[in-house]
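sequence and predicted structure below; questions after.
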Amino acid sequence: MSVERDEVLTACRALGAHGLGGVIGGHVSVRVPGKQEYWTNVLDKCFEEIELEDVVKLDFEGNQLAGDRKISPGIGFHHGIYIHRQDVHAVVHTHGFWVTAQSAFAREPKMWHNLCTYFWEKTAIVPDDTIEAIAPALRQTDVAIIIPWHGAITVGSDVGEAVALHATFAYAAQLDVTLSATQAEPMPKAQCAHVRALVEKADYLTLTWELMKRKVERQHRGALV
């Protein structure tokens, strides 16, 4: 039994239940404590379809440690991030519709709502989608990476934080893509730090992760009825 393997399975299903996993592509990983290894999902199934046998272990060279399943050719940025940021223990990457739309702007989301402030001055923009470019772009305080015309990555100290950040990023992206063409004004910079402190105090990310797991439980109970 592996706690990290179970966490990847739950994360994939939670992202799928949240509308971020109905197509092929995207990956979740969780670091194995004390080792240069991590668990991640295979490429040939979308998040909604992932079962435990579809979660495999890789080392930091990208080698599959058991079996011979098809893995994303872009998986290398996961171990690149783990090497670059010792505080990161989970990584999420999707091509969710709004996430991908936001990536075309090649900038962080504008501050259209309180929750957007999670990404204020904490979002890296990479110059291209090569594996070599991604991890070095991530600053010590960053929680998200935008890969222009591709998608986005979120990172966390645990899988719940990384997944909840990704769902929140998708919400921020939907607001930005929708409102950027209007005359609406985003939140003033002077207000962003204060607002971010408030949403962090509310423990919004933990509450979002718990909600996403409840959605998975309801979805799978329904499938068994």
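Good, I have the coordinates. Numbers count the residues shown, from 1 in each chain.

next, the residue lying closest to residue 142 once chain neighbours are set aside: secondary structure please.
Excluding the flanking residues, the one nearest residue 142 by C-beta to C-beta, 6 or more residues apart in numbering is residue 124, at 4.8 Å. (C-beta placed from N, C-alpha, C; glycine too.) Look at residue 124: counting by DSSP: H, G, I helix; E, B strand; the rest coil, its state is strand.

which elements pack onto the helix or strand that contains residue 81?
Residue 81 belongs to helix 76-84 when assigned by DSSP states H and E. Contacts defined by 3 or more C-beta pairs under 8 Å, 6 or more residues apart in numbering; DSSP states H and E place helix 76-84 against strand 27-31, strand 37-41, strand 55-59, strand 90-94, helix 131-137, strand 151-156.

for these, give me CSV that also has distance to residue 65 and mean neighbour count.
Listed next are the helices and strands packed on helix 76-84 as CSV, based on distance: least, C-beta to C-beta, whole Å; neighbours: other C-beta atoms under 10 Å:
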stretch, distance to residue 65, mean neighbour count
strand 27-31, 13, 27
strand 37-41, 7, 24
strand 55-59, 5, 20
strand 90-94, 18, 27
helix 131-137, 20, 17
strand 151-156, 22, 25
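
tell me who's in contact with the residue minimising distance to the centre of the chain.
Nearest to the geometric centre of the chain sits residue 92, at 2.9 Å (C-alpha atoms, centre = their mean). By C-beta atoms under 8 Å, 6 or more residues apart in numbering, the residues touching residue 92 are 11, 15, 27-28, 153-156, 162-163, 165-166.

check residue 146 too.
Per C-beta under 8 Å, 6+ apart, neighbours of residue 146: 102-103, 106-108, 123-126, 152.

rewinding a little: a markdown table for the contacts of residue 92, including pLDDT?
As requested, the contacts of residue 92 are arranged in a markdown table below (pLDDT from 0 to 100):
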| residue | pLDDT |
| --- | --- |
| 11 | 98 |
| 15 | 97 |
| 27 | 96 |
| 28 | 98 |
| 153 | 98 |
| 154 | 98 |
| 155 | 98 |
| 156 | 98 |
| 162 | 98 |
| 163 | 98 |
| 165 | 98 |
| 166 | 98 |
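
quick check: residue 216 touching residue 13?
Yes. Between residue 216 and residue 13 there is a contact at 4.5 Å, judged by C-beta atoms under 8 Å.

sorry, back to before: ranking by neighbours, what's the top pick from the contacts of residue 146?
residue 102 (28 neighbours; other C-beta atoms under 10 Å).

just the pLDDT for that residue.
Note for residue 102: predicted pLDDT of 97.

contacts made by the strand or helix carrying it with the rest, please.
Per DSSP H and E, residue 102 falls inside helix 97-103. The contact list for helix 97-103 (C-beta under 8 Å, 6+ apart) reads 20, 109, 146-152, 166, 169-174, 176-177.

quick one: least confident helix or strand in this structure?
helix 204-224 (a mean of 87; mean pLDDT, DSSP states H and E).

buried stuff in that helix?
Across helix 204-224, burial judged by 16 or more other C-beta atoms under 10 Å covers 204-205, 208-209, 212-213, 216.

nearest to residue 64 among those residues?
Taking C-beta to C-beta as the measure, residue 216 is the one of those closest to residue 64, at 26.0 Å.
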